[in-house]
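# this one's structure only:
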């Protein structure tokens, strides 16, 4: 995918990306793909604060049909607490970590019996014996189901996020700003898709909980305008 194309000159709006607020697994370092866990109390306040920062940066807000969010609970909580009315968009769901889901990197490596990196190796490099279903009890006492399947490759996610970009493009061409509320890995991969770069380079971008970034077009090139604000 090229970093420039004939349509870039028509893009006048900005694509704003916001990561969901803190969860217990974002703090513990457990891979959180499709497991539907809620925000912590800290995460809820982060979401409210992020909404205030966005309204300061974009005082005109986001028009009807210009806010999209992952259907996963932590993203939906974040966008609502931030004060926006979203449309759910499956293409914004987090990377399916498959056999690594719900486990820390150290635990995954112990089970794998060697070095493993999600960006370099992907879930499919892990032993199929790590697949299965189990239940995690959160500190609140809530029990959440965890599924370890085959998962997605980074290339799978890179293809999927184009559907989200395609949903935004007509609105951006009209000069409207679009807000995506989702997850760290998927938004970093989406940024690489926006720029036309290798999806693996997304690992070089830090994206903290309840922070936002801005993608746009500058002199015909798709660019990162702001990051991790």
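Okay, I see it. In this text the structure is predicted, and so the values were computed from the model without any measurement.
# Just the element for residue 162, please.
Assigned by DSSP states H and E, residue 162 belongs to helix 154-173.
# Strands of the protein, residue ranges please.
Secondary structure of the chain (DSSP state E): strands located at 15-19, 67-69, 87-88, 132-137, 143-148, 178-182, 212-218, 221-226.
# which other helices and strands contact the helix holding residue 162?
strand 15-19, strand 67-69, strand 178-182, helix 184-195 (3 or more Cβ pairs under 8 Å, 6 or more residues apart in numbering; DSSP states H and E). To be clear about C-beta, it is placed using only N, CA and C from the backbone, and glycine gets the same treatment.
# which residues touch the residue nearest to the spatial centre of the chain?
Nearest to the mean C-alpha position of the chain, by Cα atoms, centre = their mean, lies residue 183 at 2.4 Å. Contacts for residue 183 (Cβ atoms under 8 Å, 6 or more residues apart in numbering) come out as 19, 20, 32, 70, 72, 74, 75, 92, 93, 94, 95.
# give me that answer again for 10 Å
By Cβ atoms under 10 Å, 6 or more residues apart in numbering, residue 183 lies in contact with 19-20, 26, 32-33, 70, 72, 74-75, 78, 92-95, 189, 207, 209.
# cool, residue 178 as well?
Residue 178 neighbours (Cβ under 10 Å, 6+ apart): 13-17, 62-63, 65-68, 164-165, 167-172, 215.
# And stretch 56-74, what's buried?
62, 66, 67, 68, 69, 70, 72, 73, 74 (16 or more other Cβ atoms under 10 Å).
# Show me the shaky parts of the protein.
1-7, 9 (pLDDT under 70).
# neighbours around residue 113, how many?
For residue 113, the neighbour count with other Cβ atoms under 10 Å is 9.
# contacting residues around it?
By Cβ under 10 Å, 6+ apart, the residues touching residue 113 are 126, 127.
# Could you count how many residues lie near residue 226?
14.
# typed the wrong thing, it's residue 140
Close neighbours of residue 140, defined as other Cβ under 10 Å, add up to 11.
# what do you get for residue 83?
Neighbour count for residue 83, taken as other Cβ under 10 Å: 14.
# Can you tell me the closest non-neighbouring residue to it?
By the measure of Cβ to Cβ, 6 or more residues apart in numbering, the closest residue to residue 83 outside its immediate chain neighbours is residue 51, 4.4 Å from it.
# Could I get the contacting residues of the one you found?
Contacts of residue 51 (Cβ under 10 Å, 6+ apart): 18, 78, 79, 80, 81, 82, 83, 84, 210, 212.
# now swap in residue 187 and tell me
Each residue near residue 187 by Cβ under 10 Å, 6+ apart is listed here: 17-20, 70, 92, 94, 161, 164, 180-181, 202, 205, 207, 212-213, 215.
# List just the nearest of the buried residues of stretch 56-74 to residue 45.
In terms of Cβ to Cβ, no member of these lies closer to residue 45 than residue 74, at 14.1 Å.
# what sits against the nearest residue to that closest one once chain neighbours are set aside?
Counting by Cβ to Cβ, 6+ apart, residue 74 lies nearest to residue 20, which is 4.4 Å off, once chain neighbours are set aside. Taking Cβ under 10 Å, 6+ apart, we find residue 20 in contact with 26, 32, 39, 43, 46-47, 50, 69-70, 72-79, 81-82, 94, 181-184, 187, 209-210.
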